[in-house]
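Trainee: just the structure for this:
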Amino acid sequence: MNGWIKGLSFSMALALTVSAGLISCGGGDGDGGQDGGDTTTINGRVADVMTATAPSGKRTSMLALIKDFLSLSKNANAQASGVSGITVELMVDGETVDTDITDGGGNFTLSLTSSATTNITLVFITDEFSVSIEITIPPGAIINIVVTLNPDEVIVNEMEVVEGTIRCETGFVDISELGADIVIDGGGVDDCIRVEGNCVLNIQSDSLTLTNCQRCIDGGGTAELNITSGDIACEAEEDGIRSRGNSVITLESDTDISIIGGQNGIRAEGNSVTSLSAAGKIDISGNENGIRAEGTSTVDVNALGECTIFGSENPIREDGVPIVDVGNCLLIGP
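Mentor: Model (predicted):
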């Protein structure tokens, strides 16, 4: 399995439920892995060590992702004394897989080779106490993590996962990142989210930004993509959203949605369904068409606030017998 997420950073734990063998990078066969696996590198820093703690609730940080990135931002604690010479162990199923000792800045590096999502335990051994945290990591990712240690828990100050874009071909994937912002960066060459086959992908977050995408979203086959978020922002070189075949793409925002496509804001083909709803405003724009609907596709746009659909050639272009319902959206064209 070659793909995970490029440019996802997040400030809170990500709970990801993945059926075995559903994520791949650009067209795998969904067999759940490849021989030899991929190496995940954990670049960590212990920002502070506290020997006494104020009362606080126990907290476990769980992370899991897909290969092809999430931006969580919290200021790291300033370098503190006592962060050097700490033994850090990476354990899987009770076995130590890798070990490092923090340097004068509290930095450590660990690695794990795996072909599937793996539950790991990071154990921090100081001169006065030992403490651990559980994390679920994808194969082939780079994980940057900053922590504070106290005798009762590991506090995650920052966590960042760096890698590719989201690919889903079969099965069910649930990414729940409530309380955090998700940013997926396509690097200018990849679709940020692509769902195909019979994949069902659900994403929940405080906000979702899809940037530098070839297409922000590309759906095909009988795949379903359901996004529930605050602000949803998309910027793509080609189509902002493209739905094909019998795919269903649903975006629901409790604030605003912005879709900007270098070609079409939304392009719906075949018998696909694309639905956008927002409690705030919706802006859709394309250098060619705001919405291009073909075949027997369906496009539904529903904003409680202002709604604008802009196309340099047409705000809406229909070919075939599609159903396009944009309510009271303002249509702007040449």
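
Trainee: low-confidence stretches in the chain?
Mentor: Along the chain, the model assigns pLDDT under 70 to residues 1-36, 52-81, 138, 160-164, 177-180.

Trainee: any idea how it splits into domains?
Mentor: By the assignment in automatic domain parsing, the chain contains the domains 1-27+37-49+61-164, 186-334.

Trainee: can you list these in TSV and add mean neighbour count?
Mentor: In short, each C-beta sits where N, CA and C put it, glycine included. Formatted as TSV, the domains of the chain follow (neighbours: other C-beta atoms under 10 Å):
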stretch	mean neighbour count
domain 1-27+37-49+61-164	19
domain 186-334	21
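
Trainee: pipe these into a markdown table and attach distance to residue 175 per row.
Mentor: Below are the domains of the chain laid out as a markdown table (distance: least, C-beta to C-beta, whole Å):
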| stretch | distance to residue 175 |
| --- | --- |
| domain 1-27+37-49+61-164 | 5 |
| domain 186-334 | 5 |
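
Trainee: any idea how far residue 45 is from residue 92?
Mentor: 22 Å (C-beta to C-beta, to the nearest Å).

Trainee: for residue 328, same thing?
Mentor: In terms of C-beta to C-beta, residue 328 sits 51 Å off from residue 45.

Trainee: likewise for residue 325?
Mentor: The value you get for residue 325 to residue 45, if C-beta to C-beta is used, is 51 Å.

Trainee: likewise for residue 110?
Mentor: 12 Å.

Trainee: direction included, what does the strand or helix carrying residue 113 pair up with?
Mentor: Using DSSP states H and E, residue 113 sits in strand 107-114. Paired with strand 107-114 in the same sheet, following DSSP bridges, are strand 38-49 (antiparallel).

Trainee: so the residue lying closest to residue 325 once chain neighbours are set aside: helix, strand or coil?
Mentor: Closest residue to residue 325 apart from its sequence neighbours, by C-beta to C-beta, 6 or more residues apart in numbering: residue 300 at 5.0 Å. With DSSP: H, G, I helix; E, B strand; the rest coil as the basis, residue 300 sits in strand.

Trainee: gap between residue 173 and residue 209?
Mentor: 19 Å.

Trainee: let me fix that, I meant to ask about residue 116.
Mentor: For residue 116 relative to residue 209 (C-beta to C-beta), the value is 28 Å.
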